[in-house]
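> Okay, here's the prediction I keep looking at, along with the sequence it came from:
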Amino acid sequence: MISEHTKLINCFIGYTKLDRKFPSFLRELGYSIDSIEPNFRTFENEVVNPDILITSNKIHHSLIIESKGGGINNEKQIENYKNIKKENFIHLTCSKESEKLKFDIALACIHTNMEKIGQCPYIKDIPLIVHDLTRVYLSDKHGKFGSPHLNKLFEEPIQIPKHYPTNYYPFGCDDDIRHISIHILRSIVQLSLKVQEFTDEDILKNSHQLWDKFDKTHQKKMKGKLRNLMTSNHFSKISNYLDMRKKKYKVSTRTLQSLQDACDSLSQELQNNSEQQLLSNY
Amino acid sequence: MSISTRKDLTNFFQSSLEKSSDIEQEKDEEDLPLKTLKSYIIESNLIRMPQLKIKGININFKDTKDNTLKIMNASDGTNKAKFFGDFLDKRFLIFYSFDNTKFTDKIINSMVSAPKSNFDYPWFFNSFMKRTGEYGGNESFSVKFENEFVRDGKEINNVDKLSMRLWGGNGIKIIDELDTTSLNRGLSLSNIGIKFGSDGSFIKENISFNGKFTLLNGTSINEHFHLLTKIKSEYGKIVQKIESNRIEYTLSGEKVNIVGEPIFIEFNEEIEDLKYFIKVLTSSTKPFRLWGINQFIEKDYVSTKGIDLHTGDKIDMDITKNWMRIYLPNGSCGNVITRLLTNIQHYFDSKSKLFIGEEEIK
């Protein structure tokens, strides 16, 4: 149910964290997160919006990653990546010696998408980091890194367990509505416990740590998804416990337990239905 | 005796200790004399004392000359208890009382369980209890274990329920020896009796896994205060360590900084029925007091979006049959981790361990 895009972002954040059950190879090279879904311009004034920017002061290197859950729809964006210069994004990095800083751009995908992505003519010389069920490796049909450290790291496939971290990046715009609902439901219960009343925006902000970082278009899309969800037949069992006045929700303390029970039952229902079945009820 | 200052309190406790007869550690809690001093450490997330509203119980606070020392009177219409509340350490409060143990336990339990009270017990997990036992001569210990994760009607294994109490010294050694037997899954320390002191002064004390100290006898109340402070401080360091690993997102324009690392609980026993395990774990009920929505990522891998019902804070978990990865968000209380671990040890697998990074937390 979690989209490949969300899974990949979680994996890359996971590689920069100390984790007993997941490899920390990027952390070992000194990388830490600078930005998730950064937005910056090239000198050609084109906006680029990759998924992750990480920097290591240990090896004076930044890595810009675009993770691809599906094929490449916007070839222009890939072309724009090639125009990125250090000066375009250095203000976002934690670099301590900027003059020494070098960078690479890489694409990341799940192995089942490799063929689809490979059809794009613009990516031949861009490194492609592929994840399959047990390994992460560099595609030999695509480019190499400028960084010798990264090339050495990916000399051999790196074993990864299937138990990847799931909670650093909860969901993206393109995630299945069933997955997003889980976060929405938890936020509704938590806000009911913590505050007197709350709005749609509060729910989304509470559901995603990076909400304030999302651009207006992204936020609007998410708000639309939330609205659809809140007005769907499935959500009526939750709405019964939400008293809505002037676009603000309120939950009575007396019905809090019932709200929790309704969320439990709805989350079961969400997982047992396909996304199509759910959407057909909107 | 009227108590206005800490000195009054110390004198009062010391004279009570001198008057008390030598209580045997073999005595059960309910058979203890009425005037036994109980000290309860309470973990708190409050800036100041709330107006406690507990159904069926009337609680009121009286000031002393010291604004960090309060007198709390509690009554349920039939029973009454007087507590001396030490609020000097805002994170770990201490409530002292000489009144009937059953009733004082009930009051403390009600305070901790009251919705949004922001109070919790400190949760002394197994290795911490063992460390506590090593502070002095270890005189006795109790073990209590009940597997809560067995479906109704399913056959109970011989280590799905275990309760025992041993006296006579060498407790830690006995526990270590039992650890090599088939009983080890159930060796969850619920109580430990120690003799603590130096230079001829001592106290004998029973310490419960949820932060209750029962002073049985001794010569100097200072030893009691010393022991309480020592254990409170050691436990506080663990909670602090957990909290320093909370996952914190700092956003500044396009910049995102993610600090903190996940925390792990590793089980010695494999979970047989993961679906049932997470159902019990997130059922909102005691002892875990967690609510959550569980999403199966794989057949044997669950992502849980939880809420700690004690504080209303979030707790996220990735759970497999052998371990759980816990993401404690910024602002969440670290005590939820020790509660989770301690109760997993008492209700699933006493050999479960807590890890932060590569370090096992003991």
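Thanks, I have the structure now. Numbering: from 1, shown residues only, chains lettered A, B, ... in the order given.

> all helices in the chain, in order from the N-terminus.
You didn't say which chain, so I picked chain A. Ranges of helices in chain A, per DSSP state H, are A:4-15, A:25-28, A:75-82, A:86-89, A:114-118, A:148-153, A:177-194, A:200-207, A:216-230, A:236-239, A:256-272, A:275-279.

> Wait, chain B was what I had in mind.
Under DSSP H, chain B gives helices at B:6-19, B:101-113, B:126-133, B:171-178, B:221-243, B:274-281, B:335-347.

> and chain A, which of those helices is closest to it?
Nearest to chain A among the helices of chain B is helix B:274-281; the distance by Cβ to the nearest Cβ comes to 9.5 Å. Just so you know, the C-beta spots here come from the backbone N, C-alpha and C atoms, and that holds for glycine as well.

> Now do that closest one: which elements does it pack against?
Helix B:274-281 is packed against strand B:290-298, strand B:301-308, strand B:313-320, with contacts defined by 3 or more Cβ pairs under 8 Å, 6 or more residues apart in numbering or on different chains; DSSP states H and E.

> okay, it in PDB with CA atoms only?
Output of helix B:274-281 as PDB, limited to C-alpha atoms (Å, rounded to 0.1, in the frame of the first residue of the first chain):
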ATOM      1  CA  LEU B 274       2.000 -11.000  15.200                       C
ATOM      2  CA  LYS B 275      -1.600  -9.900  14.500                       C
ATOM      3  CA  TYR B 276      -2.800 -10.700  18.000                       C
ATOM      4  CA  PHE B 277       0.300  -9.200  19.500                       C
ATOM      5  CA  ILE B 278      -0.200  -5.800  18.000                       C
ATOM      6  CA  LYS B 279      -3.900  -6.000  18.800                       C
ATOM      7  CA  VAL B 280      -3.200  -6.500  22.500                       C
ATOM      8  CA  LEU B 281      -0.400  -3.900  22.400                       C
END
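
> So what touches it?
By Cβ atoms under 8 Å, 6 or more residues apart in numbering or on different chains, the surrounding residues in contact with helix B:274-281 are B:148-149, B:151, B:271, B:288, B:290, B:292, B:294, B:300, B:302, B:304, B:319-321, B:348.

> can you list the weak-confidence ranges in the chain?
You didn't pick a chain, so chain A it is. For chain A, the stretches flagged by pLDDT under 70 are A:274-282.

> actually chain B
In chain B, residues with pLDDT under 70: B:1, B:21-34, B:47-51, B:150-159.

> And for the residue lying closest to A:K76 once chain neighbours are set aside, the neighbour number?
Computed as Cβ to Cβ, 6 or more residues apart in numbering or on different chains, the closest residue to A:K76 that is not its neighbour in sequence is A:E46, at 8.0 Å. Neighbour count of A:E46, defined by other Cβ atoms under 10 Å in any protein chain shown: 16.

> got it, and B:S198?
10.

> and it, bridged to which residues?
B:S201 (DSSP bridges).

> now it: how far from B:G137?
The gap separating B:S198 from B:G137 is 12 Å, by Cβ to Cβ, to the nearest Å.

> Over to A:E75?
On the measure of Cβ to Cβ, A:E75 and B:G137 end up 76 Å apart.

> same thing with A:S3?
A:S3 sits 59 Å away from B:G137, taking Cβ to Cβ as the criterion.

> repeat for A:D174
The value you get for A:D174 to B:G137, if Cβ to Cβ is used, is 64 Å.

> Looking at those two, which is more packed in?
Between A:D174 and B:G137, counted using other Cβ under 10 Å, B:G137 has the larger neighbour count: 16 against 13.

> Pull the number of nearby residues for the closest residue to the more buried one other than its chain neighbours.
Using Cβ to Cβ, 6+ apart and skipping the chain neighbours, the partner closest in space to B:G137 is B:K195 (4.1 Å). B:K195: 19 surrounding residues under other Cβ under 10 Å.

> Enumerate every residue touching the nearest residue to B:G136 once chain neighbours are set aside.
Spatial nearest neighbour of B:G136, excluding adjacent residues (Cβ to Cβ, 6+ apart): B:F196 at 3.5 Å. Going by Cβ under 8 Å, 6+ apart, B:F196 touches B:Y135, B:G136, B:G137, B:F202, B:I203, B:K204, B:E205, B:E223, B:H226, B:L227.

> can you name the two of the residues you listed that are farthest apart?
B:G137 and B:H226 (15.3 Å; Cβ to Cβ).

> Please report how far A:F89 lies from chain B.
9 Å (Cβ to the nearest Cβ, to the nearest Å).

> tell me the contacts of that residue?
Contacts of A:F89 (Cβ under 8 Å, 6+ apart): A:P38, A:F40, A:L53, A:S62, A:I64, A:F103.

> Kindly recompute the last result at 6 Å.
A:F40 (Cβ atoms under 6 Å, 6 or more residues apart in numbering or on different chains).

> near chain B, which residues of chain A show up?
A:17-20, A:33, A:35-36, A:38-39, A:92, A:163, A:166-167, A:182, A:185-186, A:190, A:193-194, A:209, A:212-213, A:260, A:267 (Cβ under 6 Å from any Cβ of the partner chain).

> filter those residues to the buried ones?
A:17, A:19-20, A:33, A:35-36, A:38-39, A:92, A:163, A:166-167, A:182, A:185-186, A:190, A:193, A:209, A:213, A:260, A:267 (16 or more other Cβ atoms under 10 Å in any protein chain shown).

> Report whether the expected contact of the residue nearest to B:G137 with B:N138 is present.
No: look at B:K195 against B:N138 with Cβ atoms under 6 Å: they stay out of range, at 8.2 Å.

> Having no further points to raise, I will conclude here.
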